[in-house]
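# quick one, structure for this:
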Amino acid sequence: MLCRGIRGATTIATNRAEDILEATRELLQKMIQANGVVADKVACVLFTTTPDLNAEFPAAAARELPGWSGVALLCGHEMEVPGSLPRCLRILMLVNTEKGADEIEHVYLRGAEGLRSGKAGSGWAGL
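Numbers count the residues shown, from 1 in each chain. Reported below is the predicted structural model:
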């Protein structure tokens with residue numbers, strides 16, 4: 001079994017706690033469903049937001065998930081790179097899995113799809 005990274009990103013309409021939590025829940029659920037993630041196989045999850053999102057810790061949404069109370073979670077801010085995608089939440093979930101790297105499904109929502117191709121500016125673009 002290997003530890004693999006699952007990437008996800010979304011944008012958030014406003015810097016309000018409710019919006020940050022709702023967008024985080026949506027992204028986490030889609031990442032979990034797309035990859036068949038089981039809580040006890042999650043090594044850790046890193047959450048980053050652009051500096052314009054600071055009303056709530058995105059990790060608070062993960063604490064609501066069944067079986068996730070013991071998962072290591074960390075929040076931080078992305079670098080402020082000129083021209084980067086504003087109001088963006090990124091998640092890197094490290095999971096223990098039998099899947100190959102080419103079988104992992106990364107999830108990009110709400111205008112963050114360009115991060116996958118490197119067209120939307122900074123931070124994990126094209127990775």
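# in the biggest helix by length in the chain, what counts as buried?
The longest helix of the chain (DSSP state H) is helix 17-35. For helix 17-35, burial by neighbour count (16 or more other C-beta atoms under 10 Å) applies to 19-21, 23-28, 30-32, 35. C-betas here are computed from N, CA, C, even on glycine.
# adding pLDDT, write these out as a markdown table.
Output for the buried residues of helix 17-35, formatted as a markdown table (pLDDT from 0 to 100):
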| residue | pLDDT |
| --- | --- |
| D19 | 97 |
| I20 | 97 |
| L21 | 97 |
| A23 | 97 |
| T24 | 97 |
| R25 | 96 |
| E26 | 96 |
| L27 | 97 |
| L28 | 97 |
| K30 | 97 |
| M31 | 96 |
| I32 | 97 |
| N35 | 96 |
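# what's the farthest-apart pair in the residues you listed?
Spatially, the most separated pair among the buried residues of helix 17-35 is D19 and N35, at 24.8 Å (C-beta to C-beta).
# that older thread, could I get the buried residues of helix 17-35 as JSON lines with distance to L46?
JSON lines is the format used below for the buried residues of helix 17-35 (distance: C-beta to C-beta, whole Å):
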{"residue": "D19", "distance to L46": "20"}
{"residue": "I20", "distance to L46": "16"}
{"residue": "L21", "distance to L46": "17"}
{"residue": "A23", "distance to L46": "16"}
{"residue": "T24", "distance to L46": "13"}
{"residue": "R25", "distance to L46": "17"}
{"residue": "E26", "distance to L46": "18"}
{"residue": "L27", "distance to L46": "13"}
{"residue": "L28", "distance to L46": "12"}
{"residue": "K30", "distance to L46": "17"}
{"residue": "M31", "distance to L46": "13"}
{"residue": "I32", "distance to L46": "16"}
{"residue": "N35", "distance to L46": "16"}
